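Peer 1: Quick one, what's the 3D model for this:
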Amino acid sequence: MKRSVFWFVLITFFSFLGSCTEPDQETFSEDHLAGTDLLSETEVEELRPRMLKGIFKYFEQALESSSQTREIYWSRNYSSSAAYVKSVEPNRIRLKKVLGVVDKREDVEELTLIEGTVLKALVAETDLYNVYSVSWPVIEGVHGVGFWLEPHTNVRAQVIAVPDADWTPEMFIGLSPGVPVEAQFPKRLAASGCRVIIPVLINRQALWSGNTEIQMTNQPHREFIYRRAYQMGRHIIGYEIQKVLAVVDWFTKKNRISSTDLPIAVAGYGEGGLIAFNSAAIDTRIDGVLVSGYFQEREGVWEEPIYRNVWGLLNEFGDAEVASLIAPRQLIIEACKGPDVDGPPTASANQRNVAAPGRLTTSPLTSVRIEAQRAQKVFQKLEVPEKIQVVVSGNGQGLPGSTEALQQLLTGIGCKTQILPPQEMQLKDRRINFDPDSRLHIQFTELLGHIEKLIEQSPKQRKKFWNEGDHSSVQQWTVSVKSYRDYFWKEVIGQLPPPSQSFNPRTRLTYETSKWRGYWVELDVWPEIIAGGVLLIPKDNF
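Peer 2: Predicted coordinates for the structure are as follows:
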């Protein structure tokens, strides 16, 4: 949205220039333009910081009030659950678009066991379940990869457990260190009779962010992909949602083939909580979701890492609104200690320090409760208040995947099984010298390859997009491109309301040559937001 203000201020300034009459002798004065007030030297020196201060204040107020203005985008029908789901479908479609979930997924016939002469597909085994290394097709040139935990007994539910971006599947089930036993909840789900898939997420390191022939950067991998994908209407969030939904496709197909109706759930922590949460909002085949260490008031999202930046999100969607797309299905919100990210990786000697700032901290418990209360109103109007629950782990500072949260998720999706306590047993990795970085690098490279292919195809896509333009005459062209002009203004640049203030122009003569004078100009746009720049006027008449 910041670019919107920039363009609007620029356009406002040029609108003023266009309103200026041809200069005459009376236009010039010793220190300012006739018909304008005098800008002081101090005001000229402070024009830029005053402009920025006003813009920041405007957006602070806009963000604070956004939760009260979002309802204009919704037309909810509470007469029945089916009517409600249908009424919010346009919002679901818009969420998919802004998150970049727009590419057709490939069919997933079966998960592919990853196996070679040294690496075996069977990663680990217990008395209750086995762990396999698998991959699956997602979109053209992009695959999901991770672990498949399959119970030995009859499967009672199918769950996608999405870790935080900096947790590997190995860490998530205790094959490698880094995650406390109590937080290794995929093992508990599998031991309780759930088929579990754990996808790999792109992490926050900066090993491959850049061009080895030019310069590497300290941009986190997620930011590096985000920056490229953003220009093509895609998003790192959307890519990872697609990987989750491809597994949902497979779960659904298994249900159909086996004539069963096993419930489908997603459960995620941290960045995985974001992915699981939005996956459930987008896809109604998901019966329930557990979101841990993510849900809160979202008006401070601009302070988070840039790879969480979603164009226009808060106009229509806070976390409560996303939750309303999950209603009337099961939603468990677990308030727990979230990932702590102080900023991007520190740049090394061979990296440019160009990563955007941004921090992640644990969601304040009050913020979780306030946003949950907004979401609960929707579930209450649908007469399913029990379908949204807030579980507090350790006063909001505990570990994710608490027994209460997991049990409520399974119960809420109709899975009548008792969640088992944390397993102290250390799993043993049957693979020899496995390198998770190599696996991640392939995932990283696949996404970059998909973006490059989109860029190559973009001329063809633009031609298709512009097929409504009528070239038969200048007049017809002007008429036919009106919708494109509106689209560009609203969807690309970002339309803001018209000025609410009169220009009230202030000027000061600052530069002068034998042929022209240069005046600093300041204009009012909105309360406390100004436009400014330099106006050059020839001394001779045109």
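
Peer 1: Setting aside sequence neighbours, what's the nearest residue to residue 293?
Peer 2: residue 338 (3.6 Å; Cβ to Cβ, 6 or more residues apart in numbering). (C-beta placed from N, C-alpha, C; glycine too.)

Peer 1: and the one you found, what element?
Peer 2: Taking DSSP states H and E as the definition, residue 338 sits outside all helices and strands.

Peer 1: That one and residue 294 touch, don't they?
Peer 2: Yes: counting by Cβ atoms under 8 Å, residue 338 touches residue 294, with 6.7 Å between them.

Peer 1: shared neighbours, the two?
Peer 2: 270, 363 (Cβ atoms under 8 Å, 6 or more residues apart in numbering).

Peer 1: neighbour-wise, which of these two wins?
Peer 2: Using other Cβ atoms under 10 Å as the criterion, residue 338 and residue 294 rank with residue 294 on top: 29 against 23.

Peer 1: quick one: contacts for that one?
Peer 2: Contacts of residue 294 by Cβ under 8 Å, 6+ apart are 268, 269, 270, 271, 273, 274, 277, 338, 363.

Peer 1: Helix or strand: which one has it?
Peer 2: Using DSSP H and E, residue 294 falls outside every helix and strand.

Peer 1: what's it sitting at in phi/psi?
Peer 2: Backbone torsions of residue 294, given as degrees, to the nearest 10, read phi -140, psi -50.

Peer 1: mind checking how far it is from residue 334?
Peer 2: 9 Å (Cβ to Cβ, to the nearest Å).

Peer 1: and if you look at residue 293?
Peer 2: 7 Å.

Peer 1: And for residue 263?
Peer 2: The gap separating residue 263 from residue 334 is 19 Å, by Cβ to Cβ.

Peer 1: Tell me who's in contact with the residue nearest to residue 293.
Peer 2: The contact partners of residue 338, by Cβ under 8 Å, 6+ apart, come to 270, 293, 294, 360, 361, 362, 363.

Peer 1: Return the closest of the residues you listed with respect to residue 174.
Peer 2: residue 270 (17.5 Å; Cβ to Cβ).

Peer 1: Got the confidence number for the closest one?
Peer 2: At residue 270, the model reports a pLDDT of 98.

Peer 1: That one: neighbour count?
Peer 2: Using other Cβ under 10 Å, residue 270 has 26 neighbouring residues.

Peer 1: same check, this time on residue 346
Peer 2: 10.

Peer 1: what sits against residue 240?
Peer 2: 162, 199, 201, 202, 275.

Peer 1: and it, how far is that from residue 246?
Peer 2: In terms of Cβ to Cβ, residue 240 sits 11 Å off from residue 246.

Peer 1: Dihedrals phi and psi, residue 322?
Peer 2: According to degrees, to the nearest 10, residue 322 has phi -60, psi -40.

Peer 1: How about the contacts made by it?
Peer 2: Neighbours of residue 322 in contact, by Cβ under 8 Å, 6+ apart: 95, 277, 278, 281.

Peer 1: Mind putting those into a markdown table with pLDDT, secondary structure and neighbour count?
Peer 2: As requested, these are exported to a markdown table (pLDDT from 0 to 100; DSSP: H, G, I helix; E, B strand; the rest coil; neighbours: other Cβ atoms under 10 Å):
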| residue | pLDDT | secondary structure | neighbour count |
| --- | --- | --- | --- |
| 95 | 98 | helix | 21 |
| 277 | 98 | helix | 27 |
| 278 | 98 | helix | 30 |
| 281 | 98 | helix | 28 |
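
Peer 1: burial measure for the closest residue in space to residue 437 that isn't next to it in sequence, as a count.
Peer 2: The spatially closest residue to residue 437, leaving aside those adjacent along the chain, is residue 207, at 7.1 Å (Cβ to Cβ, 6+ apart). If you count neighbours by other Cβ under 10 Å, residue 207 ends up with 13.

Peer 1: could we number from 55 for the rest of this?
Peer 2: Okay, using 55 as the starting number, the last item reads as residue 261.

Peer 1: so what pLDDT did residue 261 get?
Peer 2: For residue 261, the model assigns a pLDDT of 97.

Peer 1: ditto for the one 4 residues further on
Peer 2: What the model reports as pLDDT for residue 265 is 93.

Peer 1: For it, list each beta-bridge partner.
Peer 2: With beta bridges defined as DSSP bridges, residue 265 has these partners: residue 269.

Peer 1: Next, residue 579: secondary structure please.
Peer 2: Three-state call for residue 579 (DSSP: H, G, I helix; E, B strand; the rest coil): strand.

Peer 1: doesn't residue 586 make contact with it?
Peer 2: No: the pair residue 579 / residue 586 is not scored as a contact, 10.1 Å apart, by Cβ under 8 Å.

Peer 1: sorry, back to before: look at residue 317 and residue 388 and report which has more neighbours.
Peer 2: The neighbour comparison of residue 317 against residue 388 (other Cβ under 10 Å) goes to residue 388, with 30 against 21.

Peer 1: Show the contacting residues for the spatially closest residue to residue 107 that is not a sequence neighbour.
Peer 2: In this structure, residue 107 finds its nearest non-sequential neighbour in residue 582, 7.8 Å apart by Cβ to Cβ, 6+ apart. Contact analysis of residue 582 by Cβ under 8 Å, 6+ apart lists 107, 108, 111, 112.

Peer 1: and what of residue 543?
Peer 2: residue 549.

Peer 1: What's the separation between it and residue 555?
Peer 2: 21 Å.

Peer 1: same check, this time on residue 309
Peer 2: Taken as Cβ to Cβ, the span from residue 309 to residue 555 is 60 Å.

Peer 1: For the top helix by length along the chain, buried residues please.
Peer 2: Secondary structure assigned by DSSP state H gives helix 490-519 as the longest helix of the chain. Neighbour-count burial for helix 490-519, counted by 16 or more other Cβ atoms under 10 Å, picks out 493, 494, 497, 498, 500, 501, 504, 505, 508.

Peer 1: what does stretch 106-116 give?
Peer 2: 108, 109, 112, 113.

Peer 1: Which pLDDT value belongs to the first one?
Peer 2: Residue 108 carries a pLDDT value of 92.

Peer 1: For stretch 248-262, measure first residue to last.
Peer 2: 36 Å (Cα to Cα, to the nearest Å).

Peer 1: Kindly report the same for stretch 436-443.
Peer 2: 15 Å.

Peer 1: What mean pLDDT does it get?
Peer 2: Across stretch 436-443, pLDDT averages out at 98.

Peer 1: Could you spell out which stretches of this protein belong to which domain?
Peer 2: 56-121+553-592, 151-477 (automatic domain parsing).

Peer 1: Using PDB, write out every CA atom in the helix or strand where residue 587 lies.
Peer 2: For residue 587, the element it lies in under DSSP H and E is strand 583-592. Below are the C-alpha coordinates for strand 583-592, written out as PDB (Å, rounded to 0.1, in the frame of the first residue of the first chain):
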ATOM      1  CA  ILE A 583      -0.600  14.100   4.500                       C
ATOM      2  CA  ILE A 584       1.200  16.500   2.100                       C
ATOM      3  CA  ALA A 585       2.600  16.400  -1.400                       C
ATOM      4  CA  GLY A 586       5.800  18.200  -2.300                       C
ATOM      5  CA  GLY A 587       8.300  18.800  -5.000                       C
ATOM      6  CA  VAL A 588      10.100  21.400  -7.100                       C
ATOM      7  CA  LEU A 589       8.300  23.500  -9.700                       C
ATOM      8  CA  LEU A 590      10.600  24.900 -12.500                       C
ATOM      9  CA  ILE A 591       9.200  28.000 -14.300                       C
ATOM     10  CA  PRO A 592      10.900  29.600 -17.300                       C
END
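
Peer 1: Only the buried residues of it, if you could.
Peer 2: Within strand 583-592, the residues scored as buried using 16+ other Cβ under 10 Å are 583, 584, 585, 586, 587, 589.

Peer 1: which residue sits closest to the first one in space, ignoring its chain neighbours?
Peer 2: Looking back up the chat, that one is residue 583. Once flanking residues are discounted, residue 583 sits nearest to residue 108: 4.1 Å by Cβ to Cβ, 6+ apart.
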